[in-house]
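Colleague: got a structure for you, letters missing:
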């Protein structure tokens, strides 16, 4: 019987090694064993995730990632951040060896990933130039700039399929295009648009809110049921304790302060 038990353990270990894509390598227990939590965040999407003037990761996603590491592993420094681009969620989880992605990735059709409880709700706003016409009716004949694979892009494709969209990879590229193109509007998360308008007197909010508020949800592999269950419970606690709202307010203030100091 003892030999049979050892054989069964060896088979299970072999399955985890051979089929790592199914979640053995980043299940809740394996994360606890390795004592490091790998989290994907944004690189250029303040105040959610960005690189500050010191070259350090900053923003809401960083604050939340450190809190998750502290509550799971007892130390907020037990987290390693990786940059999550607007690629498909599963591809990012696999290629970067991530346990959780906190950045907002629009990937609703994949059965290989699972979305956790939302950690914040936000809306889509549209930014224009101060000398441009304002209002949703003006967008029908205009070019609207959106980040590739963003919620804003998905919203326009679903609700205004005849609107002309121009895509950009990240916030820096979007701003470069927007600043040199007087014909473009830029549709993005309300918090980001508000920051950009406050920084630049030539920018204005043309449409304050498009559609209903939408959730920003972390994602994991759908096979990592133990990690997903823990994450959902943890986010529920952080909501009740007010941590998430406090972290968002802190991230916004920090970004404002940094922009004013430049």
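Modeller: Ah, there it is. Being a predicted model, the structure only gives us computed values, none of them experimental.

Colleague: And for the spatially closest residue to residue 227 that is not a sequence neighbour, the neighbour number?
Modeller: Leaving out its chain neighbours, the residue that sits closest to residue 227 by Cβ to Cβ, 6 or more residues apart in numbering is residue 28, at 4.7 Å. For the C-beta atoms, the positions are set from N, CA and C on the backbone; glycine is no exception. Look at residue 28: counted by other Cβ atoms under 10 Å, it has 18 neighbours.

Colleague: so what does the longest strand seen in the chain touch, helix or strand wise?
Modeller: Scanning the chain for the strand with the most residues, using DSSP state E, yields strand 203-216. Identification of packing neighbours for strand 203-216 by 3 or more Cβ pairs under 8 Å, 6 or more residues apart in numbering; DSSP states H and E yields strand 120-129, helix 151-159, helix 190-199.

Colleague: quick revisit: I'd say the residue nearest to residue 227 and residue 221 touch.
Modeller: No - the pair residue 28 / residue 221 is not scored as a contact, 11.9 Å apart, by Cβ atoms under 8 Å.

Colleague: Name the surrounding residues that touch stretch 93-105.
Modeller: By Cβ atoms under 8 Å, 6 or more residues apart in numbering, the surrounding residues in contact with stretch 93-105 are 21, 25-26, 31, 37-42, 45, 48-49, 61, 64-65, 68, 82, 84, 86-89, 92, 113, 116, 119, 149-151, 189, 216, 218-221, 224, 227, 231.

Colleague: That stretch: which residues count as buried?
Modeller: 93, 96, 98-105 (16 or more other Cβ atoms under 10 Å).

Colleague: Tell me which of those fall in helices.
Modeller: Within the buried residues of stretch 93-105, residues falling in helices by DSSP state H are residue 93.

Colleague: tell me which of the buried residues of stretch 93-105 is nearest to residue 155?
Modeller: residue 104 (12.7 Å; Cβ to Cβ).

Colleague: quick one, phi/psi of the closest one?
Modeller: Here is the backbone geometry of residue 104 (degrees, to the nearest 10): phi -80, psi 110.

Colleague: before we move on, what about residue 147?
Modeller: Backbone torsions of residue 147, given as degrees, to the nearest 10, read phi -70, psi 140.

Colleague: if I look at it, how far off is residue 213?
Modeller: 18 Å (Cβ to Cβ, to the nearest Å).

Colleague: Who has more neighbours out of those two?
Modeller: Using other Cβ under 10 Å as the criterion, residue 147 and residue 213 rank with residue 147 on top: 25 against 12.

Colleague: what's the spacing between the more buried one and residue 134?
Modeller: Distance of residue 147 to residue 134, computed by Cβ to Cβ: 22 Å.

Colleague: One more: residue 220?
Modeller: 40 Å.

Colleague: more crowded one of these two?
Modeller: Between residue 220 and residue 134, counting by other Cβ under 10 Å, residue 220 is the more crowded of the two (25 against 16).

Colleague: so the more buried one makes contact with residue 114?
Modeller: Yes - the pair residue 220 / residue 114 is scored as a contact, 5.7 Å apart, by Cβ under 8 Å.

Colleague: who touches both of these two?
Modeller: residue 228.

Colleague: Quick one: work out the angle between the longest helix along the chain and strand 120-129.
Modeller: Assignment by DSSP H gives helix 243-261 as the longest helix of the chain. Relative orientation of helix 243-261 and strand 120-129, computed by axes from the mean of the first three to the mean of the last three Cα atoms, to 10 degrees: 30 degrees.

Colleague: So which elements touch helix 243-261?
Modeller: Short answer (3+ Cβ pairs under 8 Å, 6+ apart): helix 243-261 packs on strand 57-58, helix 60-73, helix 190-199.

Colleague: Now with 7 Å, please.
Modeller: helix 60-73, helix 190-199 (3 or more Cβ pairs under 7 Å, 6 or more residues apart in numbering; DSSP states H and E).
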